[in-house]
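>>> sequence plus predicted model, see below.
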Amino acid sequence: MTLAIVIKFVAAIGLGYLIGSIPFGVLIGRRFAKVDIRQFGSGKMGTTNVLRVAGKKAAALVFIMDMLKGAIAVLAAWFILRGEYRADIGSAMYLMLRSAPALAALAAIAGHVWPVFLKFKGGRGVATFYGGMFALNPIVAFFSGQVFILGTSATRYVSLGSIAGAVAAYAILVPLVLVGGLPWENLLYGTVGSIAIIATHRDNIQRLMAGKERKLGESAELTLPRTEAEEHEMRKAAVTRELASLRGSKQNLHG
């Protein structure tokens, strides 16, 4: 095992974490709603909280960018370690090189959940998990994503859909790896990633059991005090959205 490969391996994992730490939810939330979305609802920077605070366009953009975190982490690991896949099967170097993309994607999830740029307080990692899974195995990502969509649509609980989708990813991967010959590192990612998703939803699980979980479409209540400037910007953003809605209504009437 050469020192150069070890350095590249560590760099791939570290880069995955830094990519995951980029707070797109906070940045996009400020751009669209002029507030810190962490002051509302769950206090997280993920898609669901952005949807409640800043609207559908902002939420869609956050979801895409958070998915890209996981996908780019996988691609970056492949790029950094390209040409280095020369090791005896079963050796420590072989295991390290094979697992690097999956571990980089897991590091991206860790960065999203515990971002270094936000004092280690981030989101739940669902979109980043699916982004990494899509880069590792698009088919598994697609079918587990369908479970997420169906679960959320049927119950109106994003948290329940997220947990169901993560568990589905693991359940799909087990037979594909054990019987279908799918690379074992995919199961490593699916196992650790699904456990991480369930762990980050602990408070949601408690609220679901207590019947207090917010459904999709419900507004987010203020959880932290706003400054006077943030209050002003929030009111201005609300007025702007209302005016845009009225203009759209007038255009429809004249059309």
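Okay, I see it. Quick caveat, the model's predicted, so the values are computed rather than measured.
>>> alpha carbons only for contacts and neighbour counts from here, please
Will do.
>>> can you pull out the residues in contact with the host helix or strand of Ile5?
Assigned by DSSP states H and E, Ile5 belongs to helix 3-21. Contacts to helix 3-21, defined as Cα atoms under 8 Å, 6 or more residues apart in numbering, come from residues 66, 69-70, 72-74, 76-77, 80-81, 84, 96-97, 100-101, 103-117, 128.
>>> same check on stretch 175-193?
With Cα under 8 Å, 6+ apart, stretch 175-193 has contacts from 98-99, 102-103, 105-106, 109, 129, 133, 136-137, 166, 169-170, 173-174.
>>> could you rerun that using 10 Å?
Contacts with stretch 175-193, where a contact means Cα atoms under 10 Å, 6 or more residues apart in numbering, come from 95, 98-106, 109-110, 125-126, 128-130, 132-133, 136-137, 140, 166-174, 194-196, 199.
>>> just the buried ones from those residues, in ChimeraX syntax?
In ChimeraX syntax, the buried subset of the contacts of stretch 175-193 is picked out as below (16 or more other Cα atoms under 10 Å):
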select :98,99,100,101,102,103,104,105,106,109,110,125,126,128,129,130,132,133,136,137,140,166,167,168,169,170,171,172,173,174,194,196
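>>> so which of the contacts of stretch 175-193 are in helices?
95, 98-106, 109-110, 126, 128-130, 132-133, 136, 140, 166-174, 194-196, 199 (DSSP state H).
>>> how about low-confidence regions in the stretch 151-255 of the chain?
219-255 (pLDDT under 70).
>>> confidence score at Tyr94?
At Tyr94, the model reports a pLDDT of 77.
>>> now it: how far from Val6?
Here the criterion is Cα to Cα, to the nearest Å. By it, Tyr94 lies 12 Å from Val6.
>>> also Glu185?
For Glu185, the distance to Val6 equals 18 Å [Cα to Cα].
>>> between these two, who's got more neighbours?
Using other Cα atoms under 10 Å, the more surrounded residue of Glu185 and Val6 is Glu185, with 18 against 15.
>>> buried residues in the helix or strand hosting that one?
In the assignment (DSSP H and E), Glu185 maps to helix 184-200. Within helix 184-200, the residues that qualify as buried are 184-191, 193-194, 196-198, 200, counting by 16+ other Cα under 10 Å.
>>> pretty sure Ser162 is touching Gly145, no?
Yes: with contact defined as Cα atoms under 10 Å, Ser162 reaches Gly145; the gap is 8.9 Å.
>>> just to revisit the earlier point, of the contacts of helix 3-21, grab the buried ones for ChimeraX.
Filtering the contacts of helix 3-21 down to the buried ones (16+ other Cα under 10 Å) takes a single ChimeraX command:
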select :66,69,70,72,73,74,76,77,80,81,96,97,100,101,103,104,105,106,107,108,109,110,111,112,113,114,115,116,128
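>>> for Phe79, the count of nearby residues, please.
Quick note: Phe79 (other Cα under 10 Å) scores 12 neighbours.
>>> quick revisit: hey, C-alpha coordinates of the helix holding Ile5 in PDB?
C-alpha atoms of helix 3-21 as PDB (Å, rounded to 0.1, in the frame of the first residue of the first chain):
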ATOM      1  CA  LEU A   3       1.400   6.500   0.800                       C
ATOM      2  CA  ALA A   4       0.100   8.300  -2.300                       C
ATOM      3  CA  ILE A   5      -3.000   6.000  -2.500                       C
ATOM      4  CA  VAL A   6      -3.700   6.400   1.200                       C
ATOM      5  CA  ILE A   7      -3.500  10.200   0.800                       C
ATOM      6  CA  LYS A   8      -5.900  10.100  -2.200                       C
ATOM      7  CA  PHE A   9      -8.300   7.900  -0.300                       C
ATOM      8  CA  VAL A  10      -8.300  10.300   2.700                       C
ATOM      9  CA  ALA A  11      -8.700  13.200   0.300                       C
ATOM     10  CA  ALA A  12     -11.700  11.600  -1.400                       C
ATOM     11  CA  ILE A  13     -13.400  11.100   2.000                       C
ATOM     12  CA  GLY A  14     -12.600  14.600   3.200                       C
ATOM     13  CA  LEU A  15     -13.800  16.100   0.000                       C
ATOM     14  CA  GLY A  16     -17.100  14.200   0.300                       C
ATOM     15  CA  TYR A  17     -17.600  15.600   3.700                       C
ATOM     16  CA  LEU A  18     -16.900  19.200   2.600                       C
ATOM     17  CA  ILE A  19     -19.200  18.900  -0.400                       C
ATOM     18  CA  GLY A  20     -22.000  17.600   1.900                       C
ATOM     19  CA  SER A  21     -21.400  20.500   4.300                       C
END
